[in-house]
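**Student:** Structure for this input, please:
(one chain, ligands or ions: 1)
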Amino acid sequence: MNIYETDKLRDEYLLFHFGAPSQILPWPRGPQEALEFPTRIVERFSSGEVGRALDLGCAVGRSAFEMSRTAAEVVAIDYSQVFVDAGKAMQGAGCCEVSRLEEGRRRETIVVEAPAGARPERIAFEQGDAMNLRAELGSFDRVLAANLLCRLPEPARLLGRLPELVIPGGELILTTPCTWLEEFTPQDGWPQGATLPWLKGELEAHFELLEEHDEPFLIRETARKFQWTVSLLTKWRRR
Ligand SMILES: C[S@@+](CC[C@H](N)C(=O)[O-])C[C@H]1O[C@@H](n2cnc3c(N)ncnc32)[C@H](O)[C@@H]1O
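**Tutor:** Residues are numbered from 1 along each chain as shown. Model prediction:
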């Protein structure tokens with residue numbers, strides 16, 4: 001079963017991407033700095049307006065909304081039809097009901113809202129496979145693949161396609177929590193050592209590494225249980 005096709009994960013991701021801080025984390029001593037991950041990572045692209053941007057593994061689409069502020073066209077692709085449909089619903093209505101699990105069988109219906117100032121009409125959501133992207137997808141000024149690599153059966157196939165997807169001088173941001181798991185990626189597709197030197201080995205012929213740092217994120221499971229995870233962010237410029 002693909003967990004990303006479930007209503008449970010759809011609602012967790014709608015809250016993760018579009019929930020207000022108070023809707024996600026009611027605890028004043030909680031890790032506030034881990035909130036707003038899908039926005040923070042897009043802010044790492046260089047400033048300025050661009051033509052085309054791509055959000056690969058976009059889930060329910062918050063980073064695509066953020067990219068639409070400065071890109072004339074955003075293509076947002078995810079393998080999960082449930083997630084793509086949720087992104088389209090946010091795009092159409094500007095808000096969405098989320099069934100938020102509090103504990104046990106206790107749920108609360110809340111409304112999450114699209115961010116003000118984004119340009120959702122610029123986004124084209126589509127279902128697709130990041131390892132088998134359609135040939136006519138074209139190339140982009142900015143490509144984001146957030147927390148996707150370690151969810152792919154063959155991450156090296158996406159890395160091999162990236163030089164074609166990013167125009168010379170264009171930017172690529174990859175984030176990965178390096179949570180390599182056999183349920184997603186057979187072990188022979190994992191990095192042999194640490195993830196960063198593996199990424200350098202795969203990408204440096206075509207991309208210059210501009211920066212690397214750590215970005216925490218927080219996914220709420222219940223009112224009292226959260227996933228706090230730290231992603232490795234790398235930013236690259238196409239040679
Ligand atoms: C851990 S989530 C990250 C989502 C989002 N980028 C974020 O940072 O919150 C992984 C996402 O990758 C998607 N995904 C998994 N395999 C994929 C594939 N082969 N092609 C495209 N998307 C895929 C999942 O459906 C899910 O939305």
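**Student:** which stretch of helix or strand covers the spatially closest residue to R40 that is not a sequence neighbour?
**Tutor:** Spatially, and ignoring its direct neighbours in sequence, R40 is nearest to E215 (6.2 Å; C-beta to C-beta, 6 or more residues apart in numbering). C-beta coordinates here come from the backbone N, C-alpha and C atoms, glycine included. Using DSSP states H and E, E215 maps to strand 207-222.
**Student:** Next, count neighbours for the residue nearest to R40.
**Tutor:** 19 (other C-beta atoms under 10 Å).
**Student:** Am I right that it is in contact with K235?
**Tutor:** No - using C-beta atoms under 8 Å, E215 is not in contact with K235; the gap is 11.1 Å.
**Student:** Near the ligand, which residues of this structure are found?
**Tutor:** 4, 38, 57-59, 77-80, 83, 129-131, 146-148, 151-152 (C-beta under 6 Å from any ligand atom).
**Student:** E212 contacts S231, correct?
**Tutor:** No - proximity of E212 to S231 does not meet the contact threshold set by C-beta under 8 Å, at 11.0 Å.
**Student:** Which residues are in contact with the residue positioned nearest the centre of the chain?
**Tutor:** What sits nearest the mean C-alpha location of the chain, by C-alpha atoms, centre = their mean, is A146, with 3.7 Å. Residues in contact with A146 (C-beta atoms under 8 Å, 6 or more residues apart in numbering) are 38, 41, 55, 57, 63, 173-175, 231.
**Student:** nearest to the ligand, of those?
**Tutor:** The nearest member of the contacts of A146 to the ligand, counting by C-beta to the nearest ligand atom, is G57 at 3.3 Å.
**Student:** Am I right that R237 sits in a strand?
**Tutor:** Yes - assessed by DSSP: H, G, I helix; E, B strand; the rest coil, R237 belongs to a strand.
**Student:** ok so, going back, quick check: bridge partners of the residue nearest to the centre of the chain?
**Tutor:** Taking DSSP bridges as the rule, A146 bridges to T175.
**Student:** From T109, how far off is it?
**Tutor:** 28 Å (C-beta to C-beta, to the nearest Å).
**Student:** ok, and the most crowded of the contacts of A146?
**Tutor:** D55 (32 neighbours).
**Student:** part of a strand, is that one?
**Tutor:** Yes - the assignment for D55 (three-state DSSP) places it in a strand.
**Student:** Can you name the residues bridging to it?
**Tutor:** Beta-bridge partners of D55, as defined by DSSP bridges: A76, L144.
**Student:** From what I see, it and S63 are in contact.
**Tutor:** Yes - using C-beta under 8 Å, D55 is in contact with S63, at 5.2 Å.
**Student:** residues shared between the contacts of those two?
**Tutor:** 144, 146.
**Student:** contacting residues for G51?
**Tutor:** 71-73, 141.
**Student:** Roughly how far does E36 sit from L172?
**Tutor:** 21 Å.
**Student:** same deal with P216?
**Tutor:** In terms of C-beta to C-beta, P216 sits 21 Å off from L172.
**Student:** Compare these two and say which one has the larger neighbour count.
**Tutor:** L172 (25 against 15).
**Student:** In the chain, where is pLDDT below threshold?
**Tutor:** Residue ranges of the chain with pLDDT under 70: none are present.
**Student:** how about the helices in it?
**Tutor:** Ranges of helices within the chain are 7-18, 21-24, 37-42, 62-67, 81-93, 155-165, 195-203, based on DSSP state H.
**Student:** Name the stretch among those that sits most buried.
**Tutor:** helix 62-67 (a mean of 29; mean count of other C-beta atoms under 10 Å).
**Student:** Give me the packing partners of that one, helices and strands only.
**Tutor:** helix 7-18, helix 37-42, strand 50-56, strand 71-78, strand 123-127, strand 140-146 (3 or more C-beta pairs under 8 Å, 6 or more residues apart in numbering; DSSP states H and E).
**Student:** Many thanks, have a good one.
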